[in-house]
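Participant: below is the structure, and that's it, no one-letter string:
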């Protein structure tokens, strides 16, 4: 079957843009427990309207619960899970394996997706989280097409792959730099994006002149995987995910349209290139 196009939504305008430009599903955060606290996000009061809007357009809605939580937050987490269930959310994206188990106890029918921050890179880890109730995994962003194929050949777990957007300098987004420098943890949704700042390179106490034109020394180049959609479709990827809950509606619209075209072409068996658009 045709793979899913999963788009980000940091606000209602971005969500409408995703739906209008071919998204099969949208992922978004609420005002607690998500890794993009700087996005506008949605309130619990808005959530029923959000899900009605998405389902009216035959689009699924996934809520991000992709941070680590503390023990004293467990009662609040349980209430959170129950409220998103009541609103008709289609799935919840989680980082913590303990949270995956908790969700299956509190809301056994709510679909659980393992976040890329679970660092799932090979079949044994994927099969382990299956025992916790995880029903789809977002594989680590560092994997190659060949790596994804090897997993797909031996695992029946639906695989989701990031194909576009910002990359973290740390492995699968599990960054501790922001917390160590300023007390703002990326694993609590408060990343200060220290890797996006300009730096100077010092060698034996002397400023290295050759990097003057490349001052963003630790900021990775954004991912753009549109040319790999056909290959990833053929190896069995179930969902293609665009990063960008801090992006505006124009960005969401443009990227959604490009990847909608690429996915549709791959599903038909047609060649597709960016130049041909």
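Facilitator: Structure's in. What do you need? Computed from a predicted structure; not experimentally measured.
Participant: residues contacting residue 256?
Facilitator: Applying Cβ atoms under 8 Å, 6 or more residues apart in numbering, we find residue 256 in contact with 5, 7, 17-18, 21-23, 242. Using the backbone N, CA and C atoms, a C-beta is placed for each residue, glycine as well.
Participant: was I right to think residue 244 contacts residue 254?
Facilitator: No. Contact between residue 244 and residue 254 fails when scored by Cβ atoms under 8 Å: they sit 10.5 Å apart.
Participant: neighbour-wise, which of these two wins?
Facilitator: residue 244 (23 against 13; other Cβ atoms under 10 Å).
Participant: skip the chain neighbours and tell me the closest residue to the more buried one.
Facilitator: Counting by Cβ to Cβ, 6 or more residues apart in numbering, residue 244 lies nearest to residue 8, which is 4.4 Å off, once chain neighbours are set aside.
Participant: so what's that neighbour up against?
Facilitator: 14, 18, 26-28, 165, 242-245, 247, 252 are the contacts of residue 8 under Cβ under 8 Å, 6+ apart.
Participant: what does residue 231 give?
Facilitator: By Cβ under 8 Å, 6+ apart, residue 231 lies in contact with residue 145.
Participant: for stretch 163-183, buried residues please.
Facilitator: 163-168, 170, 172-175, 177-179 (16 or more other Cβ atoms under 10 Å).
Participant: out of the residues you listed, which are inside strands?
Facilitator: 163-165 (DSSP state E).
Participant: now these as JSON lines including distance to residue 234 and pLDDT?
Facilitator: Output for those, formatted as JSON lines (distance: Cβ to Cβ, whole Å; pLDDT from 0 to 100):
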{"residue": "163", "distance to residue 234": "14", "pLDDT": "97"}
{"residue": "164", "distance to residue 234": "19", "pLDDT": "96"}
{"residue": "165", "distance to residue 234": "23", "pLDDT": "93"}
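Participant: which residue, neighbours along the chain excluded, lies closest to the most centrally placed residue in the chain?
Facilitator: By Cα atoms, centre = their mean, the chain has its centre lying nearest to residue 243, at 5.8 Å. Computed as Cβ to Cβ, 6+ apart, the closest residue to residue 243 that is not its neighbour in sequence is residue 165, at 2.6 Å.
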